[in-house]
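> next input, structure requested:
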Amino acid sequence: MKKKIIVEKQDLTYLKWSHARNSSGTAGTFLKSQSIVGGEKIYYKLSNYDSEKGVVGHECVNEIIVDRLLTILGVEHLEYQLIHADIEIDGKIHDTWICASKDFKQKGETKSALDNYYQINRKTDESRYEFCVNNGWQKYIDTMIAVDYLILNRDRHGANIEVLRNGRKRTVRIAPLFDHGLSFLCSCYNDKEIEQFDILADKPCQNFIGSRSTFDNLKLITDKNTIFHTGLEKKDKDILFEDLSFVLSEAHLSKIWNMLWARWCEYEKLCNL
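Predicted coordinates for the structure are as follows:
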């Protein structure tokens, strides 16, 4: 996937969409699909979908913004592509934007949700965070916690963190960070909601590690200064939002930037304490 955003509309009406339960508690339906392109399996997902109103969410756009953010910060992650496309659901054509990504599993690997892996393999009284540390994943988890604060990720449940195992090679690794759609202004559907959104609000989130507060979870990180290889700078705004004016309003993009920059500044303050 060379181009991050394909603005020219594609005909993807051949894709078959299946329902995926929205575990965050946000109203709506999230649909997924897959196909083989050039011998590779490609996964597709749709933003919040309503059977009457069509695609009403913008989670796919959030994925691209976070993808670019993690590239800037030097964080390993699953890469996404945003595609303008015609798709068909229940016999109706929708002009929308969808996300595409490759399979992060290597040949011979199987995947397990971290919550299941923890339940099977944890020691007595071993917390979820301690379990990850004892498995050598502290840097990964600390980075995830910091990222989820920056973007206000509402949906880091145990299945959005995956363990990859190769039985023949006897290897175990944790998957690159993925699934960041329910972040930023995912709860806003009009200009008034965007304007009123509190960019530093500590909204309750579904986190498998830590508490329901992304801010309080930062206390788990003992050395915040070592999390990111590079910092966020104001000039990065153009990189984050390149070609996204085709998808979101200027007010929406500006609010996302103000939110991200404010949270980055707060994180830097914590680093300097």
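> mind listing what H77 touches?
Shown in contact with H77 (CB atoms under 8 Å, 6 or more residues apart in numbering): V66, D67, L70, T71, P176, L177, F178. In short, each C-beta sits where N, CA and C put it, glycine included.
> might one say that the third one is in contact with L150?
No - taking CB atoms under 8 Å as the definition, L70 is not a contact partner of L150, at 9.9 Å.
> and the contacts of H77, which are buried?
Taking 16 or more other CB atoms under 10 Å as the criterion, what is buried in those is V66, D67, L70, T71, L177, F178.
> could you point out which element follows the worst-scoring helix or strand of the chain on mean pLDDT?
Using mean pLDDT, DSSP states H and E, strand 18-20 stands out as the lowest-scoring helix or strand of the chain, at a mean of 74. Per DSSP states H and E, the first helix or strand lying C-terminal to strand 18-20 is strand 30-37.
> assign the closest residue to R128 other than its chain neighbours to helix, strand or coil.
Spatial nearest neighbour of R128, chain neighbours left out: I209 (5.3 Å); criterion: CB to CB, 6 or more residues apart in numbering. Of the three states, I209 takes coil under DSSP: H, G, I helix; E, B strand; the rest coil.
> what residues does I209 make contact with?
So I209 contacts R128, Y129, C132, I141, M144, I145, R156, I161, N217, L220 (CB under 8 Å, 6+ apart).
> and it, what's its pLDDT?
Looking at I209, its pLDDT is 97.
> distance of it from I145?
Distance of I209 to I145, computed by CB to CB, to the nearest Å: 7 Å.
> list residues touching both of these two?
Joint contacts of I209 and I145 (CB under 8 Å, 6+ apart) are N217, L220.
> filter the contacts of I209 down to just the ones in helices.
With DSSP state H as the criterion, helices contain R128, Y129, C132, I141, M144, I145, N217 from among the contacts of I209.
> spatially nearest residue to the residue sitting nearest the centre point of the chain, not counting backbone neighbours?
Geometric centre of the chain, nearest residue: H180, 1.2 Å, by CA atoms, centre = their mean. Sequence neighbours aside, V66 is the residue nearest to H180 in space, at 4.0 Å (criterion: CB to CB, 6+ apart).
> hmm, L152 and that neighbour touching each other?
No - V66 is beyond contact range of L152, at 11.0 Å (criterion: CB under 8 Å).
> and for those two, which residues touch both?
Shared contacts of V66 and L152, defined by CB under 8 Å, 6+ apart, comprise S183.
> biggest strand in the protein by residues?
The single longest strand within the chain, with elements called by DSSP state E, is strand 92-102.
> which neighbours does that strand have in its sheet, and in what orientation?
Sheet pairing of strand 92-102 (DSSP bridges) gives strand 40-46 (antiparallel), strand 81-89 (antiparallel).
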